[in-house]
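# here is my input; please provide its structure:
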Amino acid sequence: MYDDNVESVTKTGRQILSKLSLRSVKLCRILVCLSYFFLSRVEVYRGGEYLLLRERDSRCRLRVICKDQPGIIKSVSEFLFLHDANIVESNQYTSEDDNLFFMRIEFEIPSVGSLIYRLRSEFAEIADRFVMDYHFELSNRRKQLVIFVSREEHCLRELLWQWEIGHLHADIRMVISNHDDARFLVESLGIPFHYLPVRPDTKAIIEEKQLNLIGKQVDFIVLARYMQILSPHFLAAFPNRIINIHHSFLPAFVGCNPYEQAYHRGVKLIGATAHYVTEELDEGPIIEQQVLRVSHRDSVNDLKRIGQNVERSTLFQAVKWHVEDRILVHRNKTIVLV
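Numbers count the residues shown, from 1 in each chain. Presented below is the predicted three-dimensional model:
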């Protein structure tokens, strides 16, 4: 009887501790999220400096592509000066192959949100003179993104973590997957999760469902190890607005088990490539590539772990540059102005 009482008390105690622990974890998570939220109202870390949000609210970005010719920088700078703008960052590049000029300028104007339409309209005269493709974007506008994922979660977890701590200045509208594995992870952060299994005979129907879910208000899509090939019809809805990640072994080690193939060949470098998706499989404009050195001492599992780490880092960097309007695309090449 005594042993039964002790066991009953012990079991009850464990249940209470379990509930308290779960509540403590939930409370800690809420407090952490609140602290990041309130801190993000004060300052955001970017490019080696802390940027006050009130400064970001007054900032705007301008991207330009045109034929290289005298007077471009002077005309753009004078235009911004005449509108009381202060240039805080400027990057430009000239392609000698086709004599093209690329530029990204970030500038400050008080209450720029109310002036953005006027800036776009009045800049048209300069754009016509130099035959420019140009785009103004408010720095504080949070881009709307959708993440696609299959079973491997390392890239998804990286994006969710960077978003949760405020380093990804975007809104994750939803996560779409052909597997149900990541549901708890995603929904625990308050992000909608949609499970849409794909079979060869239902692929077109599922893509239509995906497009209907996404709607018209999404800026871009991230394929965080989504192991399905998107159709030309789907890609046409998001030109240069779908980012994919894959290992760097292509085209050497194609098909299944690339890390095992690499291990048996004794590779010395492992890397990853993030690129925009086009109809040509894994051959879209490259945004970012990273590599890490490995050796004969690394097992297949070591190679997979190292490869996943570099994939996470590479994909996040590409997404961050896209969010910050640092990428200009020309033909099948990107100009990343950082």
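
# which residues in the stretch 151-300 of the chain form helices?
Ranges of helices in the stretch 151-300 of the chain, per DSSP state H, counting those that start in this stretch, are 154-164, 183-187, 203-214, 232-236, 258-265, 300-323.

# and those helices, which one is worst for confidence?
Lowest mean pLDDT within the helices of the stretch 151-300 of the chain: helix 258-265, a mean of 89.

# one step back: make a markdown table out of the helices of the stretch 151-300 of the chain and add distance to Val112 and mean neighbour count.
C-betas here are computed from N, CA, C, even on glycine. Listed next are these as a markdown table, based on distance: least, Cβ to Cβ, whole Å; neighbours: other Cβ atoms under 10 Å:
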| stretch | distance to Val112 | mean neighbour count |
| --- | --- | --- |
| helix 154-164 | 25 | 20 |
| helix 183-187 | 34 | 15 |
| helix 203-214 | 29 | 15 |
| helix 232-236 | 33 | 13 |
| helix 258-265 | 47 | 17 |
| helix 300-323 | 18 | 20 |
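
# how about the ones you listed in TSV, adding distance to Lys143?
Putting these into TSV (distance: least, Cβ to Cβ, whole Å) gives the following:
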stretch	distance to Lys143
helix 154-164	12
helix 183-187	19
helix 203-214	14
helix 232-236	19
helix 258-265	32
helix 300-323	5
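
# His275 is nearest to which of the ones you listed?
In terms of Cβ to Cβ, the element of these nearest to His275 is helix 300-323, at 7.9 Å.

# elements contacting the next helix or strand after the closest one?
Sequence-wise, the next helix or strand downstream of helix 300-323 (DSSP states H and E) is strand 327-330. Using 3 or more Cβ pairs under 8 Å, 6 or more residues apart in numbering; DSSP states H and E, the elements in contact with strand 327-330 are strand 59-67, strand 100-108, strand 333-336.

# distance of Ser313 relative to His264?
26 Å (Cβ to Cβ, to the nearest Å).

# re the thing from before, wait, which of the helices and strands packed on strand 327-330 is closest to Val277?
strand 333-336 (12.9 Å).

# what's the average pLDDT for that closest one?
So the average pLDDT for strand 333-336 ends up being 97.

# over to stretch 289-298?
Mean per-residue pLDDT for stretch 289-298: 95.

# how far does that stretch sit from its chain's centre?
Stretch 289-298 sits 24 Å away from the centroid of its parent chain (Cα atoms, centre = their mean, to the nearest Å).

# buried residues in that stretch, which are they?
Gln290, Val294, Asp298 (16 or more other Cβ atoms under 10 Å).

# which one of the helices of the stretch 151-300 of the chain lies closest to Ser139?
Closest approach to Ser139 among the helices of the stretch 151-300 of the chain is made by helix 300-323 (10.4 Å; Cβ to Cβ).

# which strands and helices sit next to the closest one?
strand 143-149, helix 154-164, strand 220-223, strand 242-247, helix 258-265, strand 269-276, strand 286-293.

# who wins for proximity to Lys209 among those?
With Cβ to Cβ as the criterion, Lys209 lies closest to strand 143-149 of these, at 12.8 Å.

# now that closest one - C-alpha only, CSV.
Taking C-alpha atoms only, strand 143-149 is exported to CSV below (Å, rounded to 0.1, in the frame of the first residue of the first chain):
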residue,chain,number,x,y,z
LYS,A,143,7.7,42.2,-48.6
GLN,A,144,5.1,39.3,-48.6
LEU,A,145,6.6,35.9,-49.1
VAL,A,146,5.5,32.3,-49.2
ILE,A,147,7.7,29.3,-48.4
PHE,A,148,7.5,26.0,-50.1
VAL,A,149,9.1,23.0,-48.4
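
# so what secondary structure elements neighbour that strand?
helix 154-164, strand 170-177, strand 220-223, helix 300-323.

# now Leu189: how far from Tyr263?
35 Å.

# ok, now Asn240?
For Asn240, the distance to Tyr263 - Cβ to Cβ - is 35 Å.

# nearest to Asn86, of the helices and strands packed on strand 143-149?
helix 300-323 (22.7 Å).

# distance from that closest one to the middle of the chain?
For helix 300-323, the distance to the chain centre is 12 Å (Cα atoms, centre = their mean).

# in CSV: the helices and strands packed on helix 300-323, plus distance to Arg173.
Listed next are the helices and strands packed on helix 300-323 as CSV, based on distance: least, Cβ to Cβ, whole Å:
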stretch, distance to Arg173
strand 143-149, 5
helix 154-164, 11
strand 220-223, 10
strand 242-247, 15
helix 258-265, 31
strand 269-276, 19
strand 286-293, 21
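
# looking at these, which is closest to Glu207?
strand 143-149 (11.1 Å).

# contacts for the closest one next, please.
Outside strand 143-149, the residues that touch it by Cβ atoms under 8 Å, 6 or more residues apart in numbering are 155-156, 159, 169-177, 182, 214, 217-226, 228, 319, 322-323.
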